[in-house]
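Asks: Build me a structure from this.
(chains A and B)
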2 protein chains.
Amino acid sequence: LNNVLVDLDNVLFNDQYPLLIEAVPLDKRFAVWSHLNIDIQRITFIQVKTETRLWLVDSLSDEQCFELLAEIDLEELLEIAEALPDRFLTYAIKQLDESQKALYQQAQQYDDNELGHNLDYDYVRISEKLKVSSAKRLVYKGLNNYTEEFYTVNKQGILTGVVNIHTLLNADDSALLSDLIESDFLKLTANTDIDDASEALILSEKMSLPVCDESGLFMGRFTFASAYYIKEADAAKKLNQSGGLNKDEDLFSTVWQSAKNRGVWLGINLITAFLASGVIGLFEVTLQQVVLLAVLMPVVASMGGISGSQTLTLIVRGLALGQITEANLKALLIKELKVGLTNGIIWSVIIGGFTYLWFNDLGISLVLGVAILGNLIAAAASGVLIPSILNRMNIDPALSGAVLLTTVTDVVGFLVFLGLGSWFLL
Amino acid sequence: LNNVLVDLDNVLFNDQYPLLIEAVPLDKRFAVWSHLNIDIQRITFIQVKTETRLWLVDSLSDEQCFELLAEIDLEELLEIAEALPDRFLTYAIKQLDESQKALYQQAQQYDDNELGHNLDYDYVRISEKLKVSSAKRLVYKGLNNYTEEFYTVNKQGILTGVVNIHTLLNADDSALLSDLIESDFLKLTANTDIDDASEALILSEKMSLPVCDESGLFMGRFTFASAYYIKEADAAKKLNQSGGLNKDEDLFSTVWQSAKNRGVWLGINLITAFLASGVIGLFEVTLQQVVLLAVLMPVVASMGGISGSQTLTLIVRGLALGQITEANLKALLIKELKVGLTNGIIWSVIIGGFTYLWFNDLGISLVLGVAILGNLIAAAASGVLIPSILNRMNIDPALSGAVLLTTVTDVVGFLVFLGLGSWFLL
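Replies: As a prediction, the model looks like this:
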């Protein structure tokens, strides 16, 4: 235990304690947790993964959990509310003041991945009736992070414009605020998807943008920091997905929890594998007589799988960036088919040649070469078509595309290879 | 062509033209490019992927390229310098003014992934001898983005401290700047890795941090925006790698270029596949007699591959976050072996049972079950050990880990399955 603490001695910032806790095996985790002071415990409790937080809730007494939640603020509560047991959620909401409670209710009307659920409520709005001298005093008092502008609202709370801080500072104290307000400005709507909002914010080159509800009521702002953390969480999620992991899996999840988390993917994969077995089963007679076909099966399947997943990765990214539309899909398909054909010819010659040198059997080398060629072309077609179709059905192609693709390349690969083998070699 | 342009009609920001260009098939790309005005062409030329830029350089006359580079600034040049043909690089450097040329030489002394190569040179440093009133005037003139502080330097250019803008604005004009300078402040060193620097910046909750060389000389600053773009590029790179793609591959790379880009990965994979074939080849006699073994081979290989890649993903992320050290590696290995054992028992019962129902052959069902169990345990061990060993050898485990892992799971899976089959079923 002390070793771990020493090795992680370069942990300087409060933000790194969640990483520390999650790097410690379960049976020693409680001892490390008890070493932390209450302030760090509070921060850590909010920032750990959902699964770790639930483990903490289970391991601690209710009183200890209440203490952890005693100073929670609105943004923190919004982050963890979803997976918090009811009695703790009720307690945490009670700790908020009236205005924060109202904001909490407002945020809960939006989905996790909508902007309205991910706002920053730092004070940046001013009444459009404010005096310039009073507005300047707000600047001198010190601005919140990421503040280049004040957002002005009218009596009804509708966002009417923005006032640049530098314009404000340069203005005469006797000037009217209304003369400084820019009424042509970028704003975001609360029901926007957070990914789209992040992109709009970054393209705007601002540090934050104001957010309104559908009727124009000012709700809060969306900052660069949120965009950064959303991007980071999204990247971690995608990497986990590409490895077939649940997004919440933790280094030291319990054995049972890990087994459960990973079961879904193993189960889906098993169906694919049995499908491939079914195809091979069709050719039992052939395999018995030409056993070399069985020996070379992995080559056909894996070359198709890798080649298809290369095309798939390209297309999934193009779809995510909005680069792929009806208009260029056909051109893209043709290009990928040409790549598949080119790669198919090159690799079938290499593989066929090598197989001939290895087994000195012209028939099987030819059959293998043709099967590789066919499978690489099928892989190219499915690599383009599967994600495009999934995308049109509103299914995330990053998640299910790879399974469907390897199913196709396995089935096509074995069918062509063993089919040709039965036809020519028997 | 018009269809593409209409479909992409919501392209509003200059920053999206690179996406547009790369979404157009090669044969029509030049026509779209010619439609853009010179300012957008200049921005686009900088922001497209390296491969697209090289295609542009090839397609345009030298004079047209010179025109594209005529207004290039230092940060832009640093971004594209590496892959620019020499005659254009020389021309572009000539366009910089003397101070920018000096900064360019300075930046080139650092590696691509070192902070010194990724600095922002906006004017934010002031002499520590400046009058408070003059410093205030700089604020009123308008600050650059991401500026919360001025960085003060002495005569030799050594960074001596920071002055918070709000402290400055609140100070009396007659005050001394030296009284406002905080000499206890965070700074970064130019030879820091950009990922570490990004993390430090984000944990500091500042919008930018000053950067010095090893002797303390002020060099520039590192901003939140750079950290965001580095994170984004890194995420895109990792996703491409996980799909076996070259980082620079473009939707409409030429067929030949694509085939070449993807060849490396296909070649490496082929070696793995032939290795698996070699193992299967050891059991030709067995396969001939018990052809069901050949039918069920894909189940053993793919369950091991998926399960191992789940462990691998977890470990690679833990290594990247610095959560895995000598101290907890053993505990982690034991936990993953337990998960492998648990999953192995569950899935071998399910798979063995299903196989018995399908083929009504107790022997082969038992052999398959035991092989699945063994392969899942081997997968867990390799999923922990392979990335840890690669990491200690300073090889990026995200890139080569997956290939090595499936080699192990294929070889172990086939050895155990066919070995047990030879022993019990013949």
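
Asks: Okay, now the unreliable bits of the stretch 1-150 of chain A?
Replies: A:1-15 (pLDDT under 70).

Asks: Which residue ranges of it form helices?
Replies: Per DSSP state H, counting those that start in this stretch, the stretch 1-150 of chain A carries helices over the ranges A:2-7, A:17-22, A:26-35, A:38-47, A:50-59, A:62-69, A:74-80, A:86-95, A:98-108, A:132-141.

Asks: Run the angle between the longest helix belonging to chain A and helix B:26-35 for me.
Replies: For chain A, the longest helix by residue count, based on DSSP state H, is helix A:326-359. Calculated by axes from the mean of the first three to the mean of the last three CA atoms, to 10 degrees, helix A:326-359 forms an angle of 140 degrees with helix B:26-35.

Asks: So which elements touch helix A:326-359?
Replies: In terms of contacts (3 or more CB pairs under 8 Å, 6 or more residues apart in numbering or on different chains; DSSP states H and E), helix A:326-359 is packed against helix A:292-320, helix A:362-392, helix B:2-7, helix B:255-281. C-beta: built from backbone N, CA, C; applies to glycine.

Asks: Would you mark the buried spots in it?
Replies: A:327-329, A:331-333, A:335-344, A:346-348, A:350-352, A:355-356, A:358-359 (16 or more other CB atoms under 10 Å in any protein chain shown).

Asks: what does stretch A:190-206 give?
Replies: Buried-residue list, stretch A:190-206, by 16+ other CB under 10 Å: A:A190, A:T192, A:I194, A:A197, A:S198, A:E199, A:A200, A:L201, A:I202, A:K206.

Asks: do the same with stretch A:414-426
Replies: Buried, per 16+ other CB under 10 Å, within stretch A:414-426: A:F414, A:L415, A:V416, A:F417, A:L418, A:G419, A:L420, A:G421, A:S422, A:L425.

Asks: picking that back up, so which of the helices and strands packed on helix A:326-359 is nearest A:L159?
Replies: With CB to CB as the criterion, A:L159 lies closest to helix A:292-320 of the helices and strands packed on helix A:326-359, at 30.6 Å.

Asks: Grab the nearest non-local neighbour of the residue nearest the centre of chain A.
Replies: Against the mean C-alpha coordinate of chain A, by CA atoms, centre = their mean, the closest residue is A:D234 at 2.6 Å. What sits nearest to A:D234 in space, not counting adjacent residues and going by CB to CB, 6 or more residues apart in numbering or on different chains, is A:D195, at 7.2 Å.

Asks: Tally up the residues packed near the residue in the stretch 251-400 of chain A that chain B sits nearest to, please.
Replies: The nearest approach of the stretch 251-400 of chain A to chain B comes at A:T313, 2.7 Å away (CB to the nearest CB). By other CB atoms under 10 Å in any protein chain shown, 24 other residues sit near A:T313.

Asks: Could you report the pLDDT at it?
Replies: As predicted, A:T313 sits at a pLDDT of 89.

Asks: Not counting sequence-adjacent ones, nearest residue to it?
Replies: Closest residue in space to A:T313, ignoring its immediate chain neighbours: B:G243 at 2.7 Å, by CB to CB, 6+ apart.

Asks: residue contacts, that neighbour?
Replies: B:G243 makes contacts with A:S242, A:S309, A:Q310, A:L312, A:T313, A:L314, as judged by CB atoms under 8 Å, 6 or more residues apart in numbering or on different chains.

Asks: Next: A:E182.
Replies: Listed by CB under 8 Å, 6+ apart, the contact partners of A:E182 are A:G161, A:V162, A:V163, A:N164.

Asks: Which residue is the nearest non-sequential neighbour of A:G421?
Replies: Among residues not flanking A:G421 along the chain, A:L293 sits closest, at 4.8 Å (CB to CB, 6+ apart).

Asks: if I read this right, the one you found contacts A:D361, doesn't it?
Replies: No - using CB atoms under 8 Å, A:L293 is not in contact with A:D361; the gap is 10.7 Å.

Asks: Between those two, which has more neighbouring residues?
Replies: A side-by-side neighbour count of A:L293 and A:D361, using other CB under 10 Å, places A:L293 first with 27 against 15.

Asks: Run through the residues that contact the more buried one.
Replies: A:L293 makes contact with A:F283, A:T286, A:L287, A:I364, A:V367, A:F417, A:L418, A:G421, A:L425, according to CB under 8 Å, 6+ apart.

Asks: if we can go back for a sec, report the two of the contacts of B:G243 separated the most.
Replies: Comparing every pair within these by CB to CB identifies A:S242 and A:L314 as the most remote, at 14.1 Å.

Asks: Any idea which of the buried residues of stretch A:190-206 the model trusts least?
Replies: Within these, pLDDT is lowest for A:I202, at 74.

Asks: In three-state terms, label that residue for me.
Replies: Put simply, A:I202 is helix when judged by DSSP: H, G, I helix; E, B strand; the rest coil.

Asks: separation between it and chain B?
Replies: 7 Å (CB to the nearest CB, to the nearest Å).

Asks: Which residue, other than its chain neighbours, is closest to that residue?
Replies: In space, A:I202 comes closest to A:A227 once its chain neighbours are excluded; the distance is 6.3 Å by CB to CB, 6+ apart.

Asks: repeat for A:L176
Replies: Once flanking residues are discounted, A:L176 sits nearest to A:V132: 7.1 Å by CB to CB, 6+ apart.

Asks: ditto for A:S204
Replies: Counting by CB to CB, 6+ apart, the residue nearest A:S204 is A:L186, at 5.3 Å.

Asks: The one you found: neighbour count?
Replies: A:L186: 12 neighbours (other CB under 10 Å).

Asks: Assumed it was part of a helix.
Replies: No - if the criterion is three-state DSSP, then A:L186 is coil and not within a helix.

Asks: And the strand or helix carrying A:G401, what does it pack against?
Replies: Using DSSP states H and E, A:G401 falls within helix A:397-425. Applying 3+ CB pairs under 8 Å, 6+ apart, we find helix A:397-425 packed against helix A:224-242, helix A:255-281, helix A:284-289, helix A:292-320, helix A:362-392.

Asks: Out of these, which is closest to B:V384?
Replies: Evaluated over the helices and strands packed on helix A:397-425, closeness to B:V384 peaks at helix A:255-281, with 12.7 Å, by CB to CB.

Asks: Just give the nearest non-adjacent residue to A:Q16, would you?
Replies: B:L203 (7.5 Å).

Asks: re the thing from before, pipe the contacts of A:E182 into CSV and attach distance to chain B, neighbour count and pLDDT per row.
Replies: Listed next are the contacts of A:E182 as CSV, based on distance: CB to the nearest CB, whole Å; neighbours: other CB atoms under 10 Å in any protein chain shown; pLDDT from 0 to 100:
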residue, distance to chain B, neighbour count, pLDDT
A:G161, 19, 21, 94
A:V162, 15, 24, 94
A:V163, 14, 24, 93
A:N164, 9, 16, 88
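
Asks: Which member of those is positioned nearest B:Q95?
Replies: A:N164 (31.9 Å).

Asks: so what's the closest one bridging to?
Replies: Beta bridges link A:N164 to A:E149, judged by DSSP bridges.

Asks: my guess is it contacts A:E148, does it?
Replies: Yes - between A:N164 and A:E148 there is a contact under CB under 8 Å: 6.7 Å.

Asks: List the residues that contact A:N113.
Replies: A:N113 neighbours (CB under 8 Å, 6+ apart): A:D193, A:I194, A:D195.

Asks: what about A:F222, neighbour count?
Replies: By other CB under 10 Å, the residues close to A:F222 number 29.

Asks: ditto for A:I43
Replies: Other residues near A:I43 come to 16 when the count uses other CB under 10 Å.

Asks: A:Q289 contacts A:L426, doesn't it?
Replies: Yes - counting by CB under 8 Å, A:L426 is a contact partner of A:Q289 at 6.3 Å.

Asks: tell me the pLDDT at A:I306?
Replies: For A:I306, the model assigns a pLDDT of 92.

Asks: now A:K247
Replies: With respect to pLDDT, A:K247 scores 68.
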